[in-house]
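[1] Give me coordinates for this.
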Amino acid sequence: MNWIKNTFQKFFLLGVSLLLALACSPIRRLSDSQPVNHEQWDRLLRKHVKASGMVDYQGFIQDSTALNAYLALLSSVHPDDKKWSRNEQMAYWINAYNAFTIKLIVDNYPVASIKDIKKGIAFVNSVWDIKWIKIKGYTYDLNNIEHNILRAVFKDARIHAAVNCASYSCPQLRAEAYTAEKLDAQLDDAMRQFLADPLRNQITAQRVQVSEIFKWFKGDFDRDAGSLLGYLNKYAGQKINPSTKIEHLEYDWRLNDAK
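    Coordinates of the predicted model:
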């Protein structure tokens, strides 16, 4: 019977240890979290994103104190689904993705492409796998934010027009912060602007050449509109002939630098 007693004790101690770990974990601290004011980020975007959508990275470098202050604000809180609205959480994560991407470029500038920034095992770890983003006791990489949070939790394909990967073929970085109050209109506008941008998508009723984003994440667009064609018809501003073949433009990973 001793082995039963010993086994019970081991499992009891393990359970106590797990409870203690949870009590000290960042999850417990989420209840103190309050939604972020994104005005600092808004001012930086209005100042350093050009009308063309290109980014003045040298300007961001000069304003690094303000950028770092905003990132510190993001890092000091973690969205709490018990206290934050869906829009407050979503706006936070979109802004966080874009702001930390800018920081990554600023810290490695000059760089020809974001894909040139690497850390870890060559051909295995990409720039999006670098775990360096500290948020209230958690450590994230950009892939975590985009795929494990924005795509997986919120299930809204419009985020593909909102997050910016610092590359020429990316949807343009919006020259204002995303906010809970305006989020739905901002996301609609971002997707419409992206599809109307002839440098990134070329759409007529008879010919459709769209970004490879619509190939890589086709399932997201199918989910939201029943089909990719249905999604394009919703946001492209014109009806595409159902027999039209959808082609994809090659993605240009050059840095979206305004210099």
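[2] for residue 44, what are its contacts?
    Residue 44 is in contact with 60, 63, 66-67, 70, counting by C-beta atoms under 8 Å, 6 or more residues apart in numbering. (Glycine included, C-beta is placed from N, CA and C.)
[3] Kindly indicate whether it is helix, strand or coil.
    helix (DSSP: H, G, I helix; E, B strand; the rest coil).
[4] Let me know the pLDDT of the nearest residue to residue 174 once chain neighbours are set aside.
    Of all residues not flanking residue 174 in the chain, residue 190 sits nearest, at 6.1 Å (C-beta to C-beta, 6 or more residues apart in numbering). Residue 190 is assigned 98 on the pLDDT scale.
[5] can you tell me the helix or strand for residue 190?
    helix 183-196 (DSSP states H and E).
[6] sorry, back to before: so the residue nearest to residue 174 makes contact with residue 161?
    Yes - contact criterion C-beta atoms under 8 Å: residue 190 and residue 161 qualify, at 4.1 Å.
[7] Kindly point out which residues are neighbours of both of these two.
    residue 171.
[8] residues near residue 36, how many?
    23 (other C-beta atoms under 10 Å).
[9] residues contacting it?
    Per C-beta under 8 Å, 6+ apart, neighbours of residue 36: 73-74, 77, 92, 95.
[10] Among those residues, pick out the one closest to residue 131, please.
    Here the nearest of the contacts of residue 36 to residue 131, counting by C-beta to C-beta, is residue 74; it sits at 15.9 Å.
[11] circling back: can I get the contacts of residue 44 in TSV with pLDDT and secondary structure?
    Shown next, in TSV, are the contacts of residue 44 (pLDDT from 0 to 100; DSSP: H, G, I helix; E, B strand; the rest coil):
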residue	pLDDT	secondary structure
60	98	helix
63	98	coil
66	98	helix
67	98	helix
70	98	helix
